[in-house]
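Chemist: Everything below, folded, please.
(2 chains)
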Amino acid sequence: MTLNFDRQTGPRALSALGESFQSVKTFRLPARSKITPLSATVLLIAVAALYAFGLGRARFKVTSDFLIRQPMPPGTLMPTVLGPLTGSPSVLGSLEDGRYLAFYLHSPEVMRRVFLRLLAERRYARRLPDLLAGLPADANRDQQLAFFRRQVQVWPQDLSGVIQLTTTGLDAQTALLLNQLLLQEARLFVNDMNQTISRDQLGFAQEEVLRSRQRLDQATAKLDAFKSRYGQLDPIQESAATSGLITALEASLVNLQVEEARLKRQFRDPQAPEVLVVTDQVQELQKQIQKERASVVSPGGKALNNRATEATKLQNEVIFATENLKASMLAVENSRMESQRQLKFLVMLSDPQAPEVQDWNWRFQVFLGVVGGAIVIWGVASFLLGIRSRV
Amino acid sequence: MILDSIRLQIGIVRALAFRDQRERISKSPFGAPGLLLEPLLFVVIILILRLLLRVREIEFMNPVLWLASGFVVYYLFTKIAIKALTGIARSQRLADLRRIRPLDFLIAGAVVELQIYGTCLFFVVLAVSLFQWQILVADPGAAVLLFLLVAVTALGVGLTSLIVGHRFKVFKFVVEVVIKQLLLWTSGLFYVPPMLPDNARALLLWNPLLHGIELFRHAMQPTYPIPGISLSYVLIWAFVSLGFSMLSYGNNEQLLAADEPRAES
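Modeler: Residues are numbered from 1 along each chain as shown, chains lettered A, B, ... in the order given. Sure, this is the predicted structure:
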């Protein structure tokens, strides 16, 4: 037909297009070669089609959707102008938890536990004619982990915070069981994570309560020992009472001194017995006041001021320890309440269901992927080769 | 016989595409790399602007891929559509070759655009994948399919506008304005459509290019949210526009040929 085309268009046309045709031919393989790029591509696509729509074993997919929520007090959700859901704290919280969960569900520990219960070597065993699907019999731990990660997809949806868990199995029951086991793991993860944090906080607060209680006991014991040692119920009150006594004595002294002065004016002889009696009383009272004062401050006496200071210190310690105990007990209560409030829940939006039909998406994805890859390679290569031939 | 015709058709399109590519390279001030530079430059400029203006990060997928996919697919669409609107007159030199139809030029032009923008995106994806050491295209088959669907839609829209525009000049002008101006702002190139208010998004969802771009992003990153986006809508646009354009083209090819000036010598 190319000749027909040439006959129709004639030599002039060929000269116009000839250069282009020649250039196109420059990147063809030599005629002697039996494998041309075109035939290789066709072969590749045919093999992909054969595998995707013929030999490939059926895959079954099970999807479940859930949210990780924590109870929020009403009125804390503020709608935003752009997108009422995106900015809300509950969505962000679920999204953040979902991202951690995605890593956790792909972890070797989860794989080990799930594969043990799933009997993965038997359920995912390779079978003829499809030697690509499934787990090799002699797969090591790394291969098992890589395979496990291919079977499990955890996608936290950015917009809604919904976490989508999709599992793949070579039969419907395996896919369902895998999904259910992973949901159990997710629940364990969410609860365990919260419980560990709450437990730690509560334990710390309870330790603080014990410590405060011990401190209070010690302070009280010291105060009691102090009181027992000096036989005083309350040194501060005793000191106050002594001060009161001195004040009363001083008041009496003033009265007597006034009386003495009056008598001295009344009697001409200062040695009169009436005057001397009052003078003696004044002198005795002064001595008594001096004595009482000395007993309050002198170390040899009762040393009431020192004892009062020490007693005040010990009482302050008791008061401080009491306050500390109160605060610690409050912290325990708060911690318990906080742990209740922050407890997160895994809210199922759609439960996993056993699929009745196989998943066809992977077949088209494989086939279209190969076709797409071939197109991209052809497009890029021919473009770059075209540039090269130009150079 | 049919197979030979198809092979001949492919040969013609390839040759015309090659000719088109060479023509572009010779006209480009930077040669072959210049063809890839235009969309890449846009991506780089927008990235710099984002850095300077401290725009909130796009959390749904890699921002470079997000921008590149939007701009490259947008450029692919507009270039093919605009070329379909105006491209035939440039090819008068070969107009007396009876085997070569005006449509062949358009298809060849579309193939070249596909190659240019496909290569451009391929390098961006490759670079970002190497940078992150992770393959960033989850569903390459769907991505390529969408790329082709956008090209087919552009060809259909452009060709239809060309033919209708021959009868109603205003229509051609309006379509050109819509493609060049309106689509730039309504195709999700500068904002994440799911973040828009519902009433604004409902209006934008009439734009098939927005569906194509968002689905393309979704094919690269399956967690990218696409509420209200439909593959069926893109497919309907692609096939209806192409079908309508082929129908119009079949009935109006003589008209188009007559409109074109005869080749000299």
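
Chemist: Who are the contact partners of the closest residue to chain A within the stretch 51-200 of chain B?
Modeler: Among the residues of the stretch 51-200 of chain B, residue B:141 lies closest to chain A, at 2.5 Å counting by Cβ to the nearest Cβ. The way it works is simple: take the backbone N, C-alpha and C, and place the C-beta from them, glycine included. With contact set as Cβ atoms under 8 Å, 6 or more residues apart in numbering or on different chains, residue B:141 has these partners: A:364, A:365, A:366, A:367, A:368, A:369, A:370, A:371, A:372.

Chemist: In the chain, where is pLDDT below threshold?
Modeler: Going with chain A. A:1-34, A:71-93, A:194, A:231-235, A:297-303, A:338-343, A:386-391 (pLDDT under 70).

Chemist: look at chain B instead
Modeler: Along chain B, the model assigns pLDDT under 70 to residues B:53-59, B:87-98, B:253-265.

Chemist: hey, which helix is longest across it?
Modeler: Ranked by residue count and defined by DSSP state H, the top helix of chain B is helix B:102-132.

Chemist: Quick check: which helices or strands does that one pack against?
Modeler: Identification of packing neighbours for helix B:102-132 by 3 or more Cβ pairs under 8 Å, 6 or more residues apart in numbering or on different chains; DSSP states H and E yields helix A:361-390, helix B:2-27, helix B:32-53, helix B:63-86, helix B:140-167, helix B:231-259.

Chemist: if we go to 10 Å?
Modeler: If you count contacts as 3 or more Cβ pairs under 10 Å, 6 or more residues apart in numbering or on different chains; DSSP states H and E, helix B:102-132 packs onto helix A:361-390, helix B:2-27, helix B:32-53, helix B:63-86, helix B:140-167, helix B:208-220, helix B:231-259.

Chemist: So for it, what gets flagged as buried?
Modeler: B:102-122, B:124-125, B:128 (16 or more other Cβ atoms under 10 Å in any protein chain shown).

Chemist: and the gap between residue B:68 and residue B:139?
Modeler: Note on residue B:68: its distance to residue B:139, by Cβ to Cβ, to the nearest Å, is 17 Å.

Chemist: So which of those two has more stuff around it?
Modeler: In this comparison of residue B:68 against residue B:139, neighbours counted by other Cβ atoms under 10 Å in any protein chain shown, the higher total goes to residue B:68 at 26 against 20.

Chemist: Spatially nearest residue to the more buried one (excluding sequence neighbours)?
Modeler: On the basis of Cβ to Cβ, 6 or more residues apart in numbering or on different chains, the spatially nearest residue to residue B:68 that is not a chain neighbour turns out to be residue B:124, at 4.3 Å.

Chemist: Contacts only, for that neighbour.
Modeler: B:36, B:39, B:40, B:43, B:64, B:65, B:67, B:68, B:69, B:71, B:72, B:136 (Cβ atoms under 10 Å, 6 or more residues apart in numbering or on different chains).

Chemist: what's the most distant pair in those?
Modeler: Spatial extent of these (Cβ to Cβ) is set by the pair B:36 and B:136 at 19.2 Å.

Chemist: Beyond whatever helix or strand residue B:171 lives in, next helix or strand please.
Modeler: Taking DSSP states H and E as the definition, residue B:171 sits inside helix B:169-177. Taking DSSP H and E as the definition, the helix or strand that follows helix B:169-177 towards the C-terminus is helix B:183-186.

Chemist: Might one say that residue A:230 is in contact with residue A:307?
Modeler: Yes: with contact taken as Cβ atoms under 10 Å, residue A:230 and residue A:307 are classed as touching, separated by 6.0 Å.

Chemist: Need the overlap of contacts for these two.
Modeler: Going by Cβ under 10 Å, 6+ apart, residues that sit against residue A:230 and also against residue A:307 are residue A:238.

Chemist: all strands of chain A, in order?
Modeler: A:60-69, A:152-156, A:163-169, A:345-350 (DSSP state E).

Chemist: Quick check: the residue of the stretch 151-265 of chain B nearest chain A.
Modeler: When you check the stretch 151-265 of chain B against chain A by Cβ to the nearest Cβ, the closest residue turns out to be residue B:225, at 4.1 Å.

Chemist: Now that residue. Nearest residue, chain neighbours left out?
Modeler: In space, and not counting its chain neighbours, residue B:225 is closest to residue A:159: 4.1 Å by Cβ to Cβ, 6+ apart.

Chemist: Residue A:230 and residue A:307: which is more packed in?
Modeler: The residue with the greater number of neighbours, taking residue A:230 and residue A:307 and applying other Cβ under 10 Å, is residue A:307; the counts read 19 against 15.

Chemist: Distance of the more buried one relative to chain B?
Modeler: Using Cβ to the nearest Cβ, to the nearest Å, we find residue A:307 at a distance of 69 Å from chain B.

Chemist: Let me know whether that residue touches residue A:237 as I believe.
Modeler: No: when contacts are counted by Cβ under 10 Å, residue A:307 is not listed as touching residue A:237 (11.4 Å).

Chemist: before we move on, back to that, which other helices and strands does the helix holding residue B:171 contact?
Modeler: Applying 3+ Cβ pairs under 10 Å, 6+ apart, one finds that helix B:169-177 contacts helix B:63-86, helix B:140-167.

Chemist: Same list, the ones you listed, but as JSON lines with distance to residue A:243 please.
Modeler: Compiled in JSON lines, the helices and strands packed on helix B:169-177 are given as follows (distance: least, Cβ to Cβ, whole Å):
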{"stretch": "helix B:63-86", "distance to residue A:243": "81"}
{"stretch": "helix B:140-167", "distance to residue A:243": "95"}
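
Chemist: quick one: the helices in the stretch 201-350 of chain A?
Modeler: Along the stretch 201-350 of chain A, the stretches classed as helices by DSSP state H, counting those that start in this stretch are A:235-266, A:273-297, A:304-341.

Chemist: For residue 122, give me its contacts.
Modeler: As the question left the chain open, I've gone with chain A. With the criterion set at Cβ under 10 Å, 6+ apart, residue A:122 makes contact with A:135, A:174.

Chemist: Sorry, I should have been clearer: chain B.
Modeler: Taking Cβ under 10 Å, 6+ apart, we find residue B:122 in contact with A:376, A:377, A:379, A:380, A:383, B:72, B:137.

Chemist: Swap in 7 Å and give it another go.
Modeler: Contacts for residue B:122 (Cβ atoms under 7 Å, 6 or more residues apart in numbering or on different chains) come out as A:376, A:380.

Chemist: Quick check: it vs residue A:220, distance?
Modeler: Summarising the geometry, the distance separating residue B:122 from residue A:220, computed by Cβ to Cβ, is 80 Å.

Chemist: do residue A:193 as well
Modeler: In this structure, residue A:193 and residue A:220 are separated by 42 Å, where distance is defined by Cβ to Cβ.

Chemist: what does residue A:46 give?
Modeler: The span separating residue A:46 from residue A:220 equals 92 Å under the rule Cβ to Cβ.
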